[in-house]
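S.K.: All I have is the shape, not the residue letters:
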């Protein structure tokens, strides 16, 4: 692949993450379906923060694409992030942390609050999300920087941005630019509930634009109606690189007629939040740098194992890919 200014440009909802460990009973009290992502309004957000104010809460910059780009920089990759922030202290914090982790900020501003996501970690390490999009919901076609896309090897998109009409219009515009300029399009389908809600939009986007698609086992079932390997076969008919992540069982990658089963790297699991984003970072870095897909998958799996063994969704230490014997 031709080396360009950026290995990957990501489009996503730049959210400040608030992570908290809770019991299953607390999730029920908050009326949160375990393992799912819930869009909430400002009032619901205030209510939740009031209920968890006595808990230990960790604040970090987040958002799926943003986490993937932060992971990309750990490997020495160059990334840029598009999205929309508010005009508040959280926006300043987010830009500072984005640049600090090595990602170029192409983030626009809106006269509202910066979006945030509250991540609830259950005793079994399952993740449940409550997201107030705030300014991110106003991301629009005019916020797309076409030159940045043209100067990137891969455009990576969060599936969540295909839900709201204005966000969707912007993402489709970006993917058209990518397709017209030989930039590969990567889509993370993000959430089984999302796939069910906007099934036609998701399937049409994958069919028309996607070169690389990421799903986990539940998303694969929602998208294809089939389990794991059968789902992989169906998905691979619509893109160059199909990825089904299987949690503790590793992952499956199919490109062309070749299928790779990537083993999981053993780790003492502390928090699975961010593992999928880090996996995407490793694989996209590998593809952008011409690393064979199976090795790129092993690199991705290794990096994911490091993330799940810590509380934070992001790694701080650089990874020298050339020194990895995996």
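M.R.: All right, it came through fine. As the structure is a computational prediction, the values presented were derived from the model and not from experiment.
S.K.: Now residue 8: which helix or strand?
M.R.: Assigned by DSSP states H and E, residue 8 belongs to strand 6-11.
S.K.: Name the SS class of the residue lying farthest from the centre of the chain, please.
M.R.: Distance from the C-alpha centroid of the chain, by CA atoms, centre = their mean, peaks at residue 54 (29.2 Å). For residue 54, the secondary-structure state derived from DSSP: H, G, I helix; E, B strand; the rest coil is coil.
S.K.: Any buried residues in the strand holding residue 8, and which?
M.R.: Across strand 6-11, burial judged by 16 or more other CB atoms under 10 Å covers 6-11. C-betas here are computed from N, CA, C, even on glycine.
S.K.: Any chance of the residues you listed in TSV with distance to residue 198 and pLDDT as columns?
M.R.: TSV is the format used below for the buried residues of strand 6-11 (distance: CB to CB, whole Å; pLDDT from 0 to 100):
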residue	distance to residue 198	pLDDT
6	28	98
7	29	98
8	24	98
9	23	98
10	20	98
11	17	98
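S.K.: Most widely separated two among those residues?
M.R.: Greatest spatial distance in these: 7 and 11, 14.9 Å, computed using CB to CB.
S.K.: Touching, residue 260 and residue 253? I think so.
M.R.: Yes: taking contacts as CB atoms under 8 Å, residue 260 lies within contact range of residue 253: 4.6 Å.
S.K.: what touches both of the two?
M.R.: 293-294, 297 (CB atoms under 8 Å, 6 or more residues apart in numbering).
S.K.: For this protein, which segments are assigned as strands?
M.R.: All strands of the chain, identified by DSSP state E, fall at 6-11, 15-21, 37-39, 58-62, 79-85, 103-109, 114-121, 127-134, 152-158, 184-188, 212-216, 241-245, 251-255, 258-262.
S.K.: What mean pLDDT does the fourth one get?
M.R.: For strand 58-62, the per-residue pLDDT values average out at 89.
S.K.: Could you list the buried residues of it?
M.R.: Those would be 60-62, for strand 58-62 by 16+ other CB under 10 Å.
S.K.: Can you tell me who the residue nearest to residue 9 when sequence neighbours are not counted pairs with across the strands?
M.R.: Leaving aside its sequence neighbours, residue 9 sits nearest to residue 152 (CB to CB, 6 or more residues apart in numbering; 4.1 Å). The partner list for residue 152 in beta bridges (DSSP bridges) reads residue 6.
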